[in-house]
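> Generate a structure from the sequence data that follows.
(one chain, ligands or ions: 2)
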Amino acid sequence: MIIVLKPGISKQQETAVLREIRKRGYRPHVMRGVARTVIGAIGDELTHRSLETLVSAFPRAVESVMPVQKRYTLVSRDAHPAGSTIKVRGRTIGSRQFHVMAGPCSVENEKQLLKTAEAVKAAGATFLRGGAFKPRTSPYDFQGLGEKGLKLLAKARQETGLPVITELLSEAHTEMVAEYTDIIQIGARNAQNFQLLIAAAKTGRPVLLKRGLSMKIEEWLLAGEYVLANENCNLLFCERGIRTFETYTRNTLDLSAIPIIKKESHCPIIVDPSQGAGRADLVSAMCKGAAAMGADGLLIEVHPNPSEAWSDGAQQVSLDVFKRLMEELRPFVQAAGREMANG
Ligand code: PEP
Ligand code: MN
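Numbering: from 1, shown residues only. Ligands and ions are numbered 1, 2, ... in the order given. Just a heads-up that it's a prediction; the model follows:
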């Protein structure tokens, strides 16, 4: 920790601060600058009392207390400089292979799901997405088929061979969802539901953690830390847009999160352009941008008839649009030194 003292404080005040730092178990190292004095406190913050309260304990002497180290360690790139890979049913995410996870926002019925699953597979997707438990803004909107939807996803996996990713909405459903899915999705609205993150981590299934609606990247990394700290090293981050003042899009897809997560963390990053803008007409361009910027994969909403979709109709692309998008994506994936994974 670095403790910045206020300018012009008395020797007695400084001595009192130093005494308190020692009392809390740290070794102070005083650095005197021209205008200010800064103290480096050496010691293990996990086993000693926090120094953050020095600001309120010495309001006239201490200006600020700042951590030297990053607050996340397990998700940090330092923990695994080469980058981690995640193996799911013979596929490796985070490798040279670029993976596209595609499927409807919500599982609606067998015909809709199977038709979509077959079409996305034929177009080159390597995972099937689909929500069985839906986090809807209004309690009067379709909430998902629940376990019936999970069973349909399992059936689609059996018929197509595509591994499944679906959202875990509540701790109460942890075991049930883990039984049917290959990757557990934690949605934007639950990105800081730490008990849910712990429960998901403990299933041992890979966890895809969406970025929260208003989540800073540091908060997102710390939420990911919960997964790794609970003995699950298979974590994927998923950028899905954040709330801004912009109204032309539902969310603002933060593409800068890709190189930042790549720099800060060893965990793969997936981009969801569907929630990202909330507009089907923008999905293709954002997929290309994300691929060229080094994302490890995409999570795309696809529906046989978007205008009839039970949720997120405006942002789902049709089967034809998806097929074209996949054909156009390849050079962007290659530009980032990757290749399209094949099933
Ligand atoms: C979704 O993937 O359908 C979804 C609800 O995503 P998010 O949590 O990012 O809003
Ligand atoms: Mn959706």
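> what sits against the closest residue to ligand 2 within the stretch 201-343 of the chain?
Nearest residue of the stretch 201-343 of the chain to ligand 2 (Cβ to the ion) works out as Asp312 at 3.8 Å. Using the backbone N, CA and C atoms, a C-beta is placed for each residue, glycine as well. Listed by Cβ atoms under 8 Å, 6 or more residues apart in numbering, the contact set of Asp312 reads 105-106, 274-275, 278, 301.
> what subset of the residues you listed is also close to ligand 2?
Cys105 (Cβ under 5 Å from the ion).
> now the contacts of Asp312 as TSV including pLDDT, neighbour count and distance to Ala82?
Shown next, in TSV, are the contacts of Asp312 (pLDDT from 0 to 100; neighbours: other Cβ atoms under 10 Å; distance: Cβ to Cβ, whole Å):
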residue	pLDDT	neighbour count	distance to Ala82
Cys105	98	24	35
Ser106	98	26	37
Ser274	98	30	31
Gln275	98	23	30
Gly278	98	18	36
Glu301	98	28	32
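> among the contacts of Asp312, which two are most distant?
Within the contacts of Asp312, Ser106 and Gly278 form the most distant pair, 15.3 Å apart (Cβ to Cβ).
> and stretch 239-249, does that touch ligand 2?
No - contact of stretch 239-249 with ligand 2 (Cβ under 5 Å from the ion) is absent, the minimum separation being 9.2 Å.
> Return the distance of that stretch from the chain's centre.
Distance of stretch 239-249 from its chain centroid, counting by Cα atoms, centre = their mean, to the nearest Å, is 16 Å.
> Give me the pLDDT value at the residue of the stretch 201-343 of the chain closest to ligand 2.
At Asp312, the model reports a pLDDT of 96.
> Point out the ones among the contacts of Asp312 that are inside helices.
When those are checked against helices (DSSP state H), the matches are 274-275.
> now, which of the contacts of Asp312 lie close to ligand 1?
105, 275 (Cβ under 6 Å from any ligand atom).
> Any chance of the contacts of Asp312 in JSON lines with distance to Ala191 as columns?
As requested, the contacts of Asp312 are exported to JSON lines (distance: Cβ to Cβ, whole Å):
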{"residue": "Cys105", "distance to Ala191": "18"}
{"residue": "Ser106", "distance to Ala191": "20"}
{"residue": "Ser274", "distance to Ala191": "17"}
{"residue": "Gln275", "distance to Ala191": "12"}
{"residue": "Gly278", "distance to Ala191": "18"}
{"residue": "Glu301", "distance to Ala191": "19"}
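> On the three-state scheme, the residue nearest the centre of the chain is what?
By Cα atoms, centre = their mean, the chain has its centre lying nearest to Phe237, at 3.0 Å. Judged by DSSP: H, G, I helix; E, B strand; the rest coil, the three-state class of Phe237 is strand.
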